[in-house]
Each structure stands twice: as structure tokens, then as C-alpha cells.
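**Student:** My questions concern the predicted model and sequence given below.
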Amino acid sequence: QVQLVESGGGLVQTGDSLKLSCVVSGRTSTNYAVGWFRQAPGNEREFVAATTWDGTSTIYDNSVKGRFTISRDNAKSTVYLQMNNLKPEDTALYSCAAGSPRSSFRSPVEYGYWGQGTQVTVSS
């Protein structure tokens, strides 16, 4: 089993920054790709960013490209999401997920393990 615990969310103003953390624990947890997803009330879960198990490859949704940065420190079993220049439309519950995607890093169904999420609220 793999467990994921997110932290770092909060209430911020437009233009502010936040850094989310996702601690991944369990057997062979560092062998998994990790993705960040978000879900706003009434909306479907959407892809934000993902990184391969070694951090050498990352991908982003166009809505966050240039503002968000995903990184991982396997020595600390932690994946980060640095979020800069936050906008009200970034408001959502942010969850991290671990898995071994075969077809697309952007699809939630490719990830088998999920955290509970951390709330990010951006006021205008």
C-alpha cells in the first residue's frame, strides 16, 4: 500500500504564492509517478501537473504552465507543487496521486493511490 498526505493549502489573495507538499509513504513509494489534480465545487476533477518517478520529466496543464512548478525530493519522499501568481480560478481542493501511468499522465484513472486533499482558496 501507498499513502499520500497533502499539506500547504490555505486562503490567499490574487497574485500570492503557495507551496503544496505531498508526502508519499509505503513500500516502493518512490517508484511511482505523482500527479497533482484539483476539483472545484460542481466541477470534475482536473489535471494540474505530474512528474515521473525520478523527476526528470514533468508536464503541466496549460492553465498553470509558467505559474506552477512540480518537483520531488525522493530522499524526503515528498512531491511539491509551487504555485505562483495565484488566481481566483485556481480555487479548489488539490489532491496528489501516485501510480504508473501507461497511456496518459493527465488521466486520473491512471493513478491508483490518492491523498485526501488540501484546500486552496484564492480571493479576488
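**Tutor:** Sure, I can see it.
**Student:** what residue ranges in this protein score low on pLDDT?
**Tutor:** Residue ranges of the chain with pLDDT under 70: 29-30.
**Student:** all strands in it, in order from the N-terminus.
**Tutor:** Along the chain, the stretches classed as strands by DSSP state E are 2-7, 10-13, 18-26, 33-39, 46-51, 58-60, 68-73, 78-83, 92-99, 111-114, 118-123.
**Student:** Just the residues contacting the last one, thanks.
**Tutor:** Read it as strand 118-123. Contacts to strand 118-123, defined as CB atoms under 8 Å, 6 or more residues apart in numbering, come from residues 6-14, 16, 18, 20, 38, 83, 86-95. Every C-beta, even on glycine, is put in place using the N, C-alpha and C of the backbone.
**Student:** In PyMOL, how would I select the buried members of these?
**Tutor:** A single PyMOL command selects the buried members of these (16 or more other CB atoms under 10 Å):
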select buried, resi 6+8+9+12+18+20+38+83+86+90+91+92+93+94+95
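**Student:** follow-up on the earlier one: got a markdown table for the strands of the chain, with distance to residue 105 too?
**Tutor:** Listed next are the strands of the chain as a markdown table, based on distance: least, CB to CB, whole Å:
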| stretch | distance to residue 105 |
| --- | --- |
| strand 2-7 | 16 |
| strand 10-13 | 27 |
| strand 18-26 | 15 |
| strand 33-39 | 6 |
| strand 46-51 | 4 |
| strand 58-60 | 6 |
| strand 68-73 | 11 |
| strand 78-83 | 13 |
| strand 92-99 | 9 |
| strand 111-114 | 9 |
| strand 118-123 | 21 |
